[in-house]
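[1] I would like to see how this sequence folds:
(chains A and B)
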Amino acid sequence: MKQKVLYIVLLAALLLAACGGGGSAEQPVVVRVGKAGSPDTLNPGNAILANSYTIFELVYDSMYELNLDGSFRLSIADSAAVSDDGLTWTFKIKDGIKWHDGEPLTAEDVAWTYNLYKDTPEYPYLNGYYTTYFDTITFTDNNEVILTLNESIPNLESQLVFLYILPKHIWENVDKLEYENTEMVGSGPFKMTEYAQNEFVRLSANTEYFGTQPKVDEVIFQSFDNQDALVQAIKAGQVDMITEMPSTAAASLKEEPNVELVVGAPLSPYVADIIFNQMDPENCPEDGGICSGHPALLDKNVRLAMAHATNKQQLIDVVLLGLGKPGLTLIPDGLGVWYNNSIQDYAFDVDLANQTLDNAGYVDADGDGIRDMPDGSRSLTFRMNWPSDSIEAPRMAELLGEMWSAIGIALEPSAVDPDALTAQCCPAFDFDIMIWGWYSDPDPSSLLYVYTTDAIPYGSSETGYSNPAYDELYVKQQTELNFDARKDIVWEMQKLVHDDVVYIIPYYSAAVQAYRTDRFTGWITDQAKVELSDVTSLLVIEPVK
Amino acid sequence: MNRTRIILRKSAWAIFTIFIVIIFNFFLFRVLPGDPARAGIRDPRLKKEAIEALQVKFGLDKPVINCFETLNPIKLGSCTIDPMETQFFIYVGNLVKGELGISYHTNRPVADVLAERLWNTILLIGAGQILSILLGVVLGIVAAWKARTSVDYGAVTASLIAWSLPTFWLGIILLFWGSTVGLPVGGKATPGISTYPLIQQWADIAKHMFLPTLTYTIVYMGEYTLIMRSSLIDVLSEDYILTARAKGLNSAQILRDHALKNAMLPLVTVIAINLGFTVAGVIQIESVFSWPGLGSAIFEAVIRRDFPMLQGAFLLIAVTVILANLLADLTYTFLDPRVNVE
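    As a prediction, the model looks like this:
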């Protein structure tokens, strides 16, 4: 009997739920964004996932903001001045900026925050990479921040853009490593209102923001565990905008009335790469090196032939359903001016590829359809591995297998657990070919580093490529203060690694996002990069009348 | 006397098993490849210094246990160091103090995260189990009572199909259907609902629970129906049922007073075991419907090599399974007097 009562109660609750939903008259204007995944932590120092940085961008301010055309604009400072030697930067902080709790934001907060990032090696990103060149940071009574560098660098903006300014009066009293920061106090255009980890982040407009004020009252980021649910959610109108989706869903969303699909270069581009193990066993890294790569891959002719035998357009059409562009090097088109668009890619030409291999002495000696090493010691059969969590790699591997079999190269494909793959990769160099990829920083320096000899023992170099000329250029671009001169060096470096066929970059995938046309208007879609969850869009969108 | 001894013996075994699980849990994750300090992070911006600092922060710079620096790859170390300076004994020491550690991924205490997630999972499983047990038992009884009629065949076929449906597939199908009739496709509640009156909040949660609960109910109902049916058919062929019939009792009396009590025994076992396992088994349902429960927490922790989270979650699951089994055993001693006679 008791069970029966319970059942009726539950049924009643469900019915009630189905009928309920009416609300009060004065509804705030809420924009709902669907996200696959959620922030890992709201402590900016500890955060790793992009979903966290999306929130930081809205709640915090930085010295510079990244525009959607790839340039930077000064944010909390009125002016930035640099000494002639390029070592001392003076930022005049705007007067009257307030934290969300009403306290004033001053140069002292900025200096304190920069020192915090600089002195906390446990902060994986904000310490190591972005504060490398910081020497001292002080502030003056005149609301100025004085930052001295230990080397003059050309890309300080890109170093400061993610260093979110934190309120000293709160952070000096907490444990900087363990603080969860769920009640974030920032100074940005949106305030933290409610946070439920792995469920949603609810932000409300900061009506006292010093810059453009949002036209919506609230932004809610709702987390979904899978992208299919995300697509259904926007179709059903449960969210107003989504920032990712499976390629297969793009076509169906295009058909959907009231949904607009936006395709373009991503704000933080992901670059898929086909990695050749070029680690010479003679230079094998002492700490952890295994260096079992196939010797044929050390020969540029083999890599060149494979590049000529790779039909990139087919890869894009099949793997990305057309939503991407052919790739050249690790520096993607999404990096705007840094991308060397003058490079002529290797033509898809199977005959030329075969001829290259013939000329280099790789012939099929035993008649099994697979070419052999010139000395006949082993066939051109390569292990090909990819991370098992990759959606794109299995299809790509299958296509590459077909393409390369046309030039007498065989593959042994296998999906590997990402951790095991890291262990095989670098600095172990215990593989032949891998399919993997990188996320790019707005500045080209971080991915250019991947090609350097220095990166080999650190596990960042996945090819083992080592070219003194390239290394020299890398150091040079790091300190070249003239923008155009630095651009030329960066372009030259891309040319070098493209000529050496260090990687085959199959494509640069596009950002594919969608918004509902019947809810909000004004989404920014005409810029070089597409990011609807960027502050630029969220500040200007208005409800559809 | 006999019963007390059985209870004591079973409880002792349960405690011993939990102890083994604690040890196993620790080593299981450390023989797997992968470095938690850089799991999921593939970025040239992550410097070697940062990785080392993270290793110190997580305590991964300490040897795993005496004589072993690391287990994958196996690297031998000093055997004469203070055991309390090894990862294993620090872990055990913390457990004794009731601490499960800090999650590498979220930087939050594991116990907090687990507690949050556990309630959501219990809510989901609770509703699903109650519904599937009720429906399964009723359907099973009807099928057994009408054995070898079209009702029975229909029930058995439907149950077999339901039981063998892949959970995630059924979930996705229901998600597609649900989104067209206005049901929420993900989450536990509408974000921002917390400012509304309590009754509206509950209604909102119930609405969000509908699809995952429906998926759960369909999958488990089939199993319960089949077990109930076959067990009841067995019992109904017993001589004492014939006797009851001969005494002139009506069908309802026979079922309620004579048949069901015995027929329920196998079902109790299955339910108890399911209760334990479903804590982990809802991973698929939770991932499809973005339900913020234990399952999705475990999934995330595996990807991130979040050892403290995994250890905590696995310990919780193990303890639940063991306790559920213990409970089933103990219930048996009351339900079935034969268990006491050995």
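[2] Show me where the chain dips below the pLDDT cut-off.
    Picked chain A for this. Along chain A, segments meeting pLDDT under 70 span A:1-26.
[3] not what I meant, chain B
    Looking at chain B by pLDDT under 70, you get B:1, B:33-35, B:37-45, B:279-281, B:339-342.
[4] what about the strands in it?
    Taking DSSP state E, the strands of chain B run over residues B:68-71, B:74-76.
[5] How about the stretch 301-450 of chain A?
    A:324-326, A:381-387, A:410-416, A:433-439 (DSSP state E, counting those that start in this stretch).
[6] Using TSV, lay out these together with mean neighbour count and distance to residue A:204.
    For glycine as for every other residue, the C-beta is placed from the backbone atoms N, C-alpha and C. TSV is the format used below for these (neighbours: other Cβ atoms under 10 Å in any protein chain shown; distance: least, Cβ to Cβ, whole Å):
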stretch	mean neighbour count	distance to residue A:204
strand A:324-326	19	37
strand A:381-387	21	39
strand A:410-416	16	44
strand A:433-439	22	30
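[7] Which one of these lies nearest to chain B?
    strand A:433-439 (6.5 Å; Cβ to the nearest Cβ).
[8] In its sheet, which strands sit next to that closest one, and in what direction?
    strand A:270-276 (antiparallel), strand A:381-387 (parallel) (DSSP bridges).
[9] Between those strands, which one is closest to residue B:22.
    Comparing the strands paired with strand A:433-439 by their distance to residue B:22 (Cβ to Cβ), the top pick is strand A:381-387, with 31.5 Å.
[10] Centre of the chain to that closest one, how far?
    Centroid separation for strand A:381-387 versus its chain: 24 Å, with Cα atoms, centre = their mean, to the nearest Å.
[11] Repeat that for stretch A:392-411.
    Distance of stretch A:392-411 from the chain centroid (Cα atoms, centre = their mean) equals 27 Å.
[12] Can that stretch be said to contact chain B?
    No. Contact of stretch A:392-411 with chain B (Cβ under 8 Å from any Cβ of the partner chain) is absent, the minimum separation being 13.9 Å.
[13] what does that stretch contact?
    Residues from elsewhere that reach stretch A:392-411, judged by Cβ atoms under 8 Å, 6 or more residues apart in numbering or on different chains: A:272, A:274, A:305-306, A:309-311, A:314-315, A:318-320, A:350, A:353-354, A:357, A:362, A:364, A:369-371, A:379-384, A:386-387, A:413, A:415, A:433, A:435-436, A:506, A:509.
[14] Go again with 7 Å.
    Applying Cβ atoms under 7 Å, 6 or more residues apart in numbering or on different chains, the contact partners of stretch A:392-411 are A:272, A:305-306, A:309-311, A:314-315, A:318-319, A:350, A:353-354, A:357, A:364, A:369-371, A:379-382, A:384, A:386-387, A:413, A:415, A:435, A:506.
[15] ditto for stretch A:359-375
    Contacts of stretch A:359-375 (Cβ under 7 Å, 6+ apart): A:295-296, A:299, A:301-302, A:357, A:376, A:378-381, A:408-410.
[16] Let's see that with 6 Å instead.
    Residues outside stretch A:359-375 that contact it (Cβ atoms under 6 Å, 6 or more residues apart in numbering or on different chains): A:301, A:376, A:379-380, A:408, A:410.
[17] Count the residues that sit near the residue in the stretch 351-500 of chain A that chain B sits nearest to.
    Distances between the stretch 351-500 of chain A and chain B by Cβ to the nearest Cβ are smallest at residue A:419, namely 2.9 Å. Residue A:419 has 20 neighbours, counted by other Cβ atoms under 10 Å in any protein chain shown.
[18] how does the chain divide up, domain by domain?
    Let's take chain A. A:2-58+A:188-258+A:517-543, A:61-171, A:270-509 (automatic domain parsing).
[19] could you do chain B instead?
    Here chain B is described, according to automatic domain parsing, as comprising the domains B:3-96, B:110-304.
[20] Just name the most buried of the ones you listed.
    Among the domains of chain B, domain B:110-304 has the highest mean neighbour count (mean count of other Cβ atoms under 10 Å in any protein chain shown), at a mean of 19.
[21] quick one: is that one near chain A?
    Yes. Applying Cβ under 6 Å from any Cβ of the partner chain, one finds domain B:110-304 touching chain A at B:134, B:179, B:185-187, B:191-192, B:203, B:206-207, B:287, B:290, B:292, B:296.
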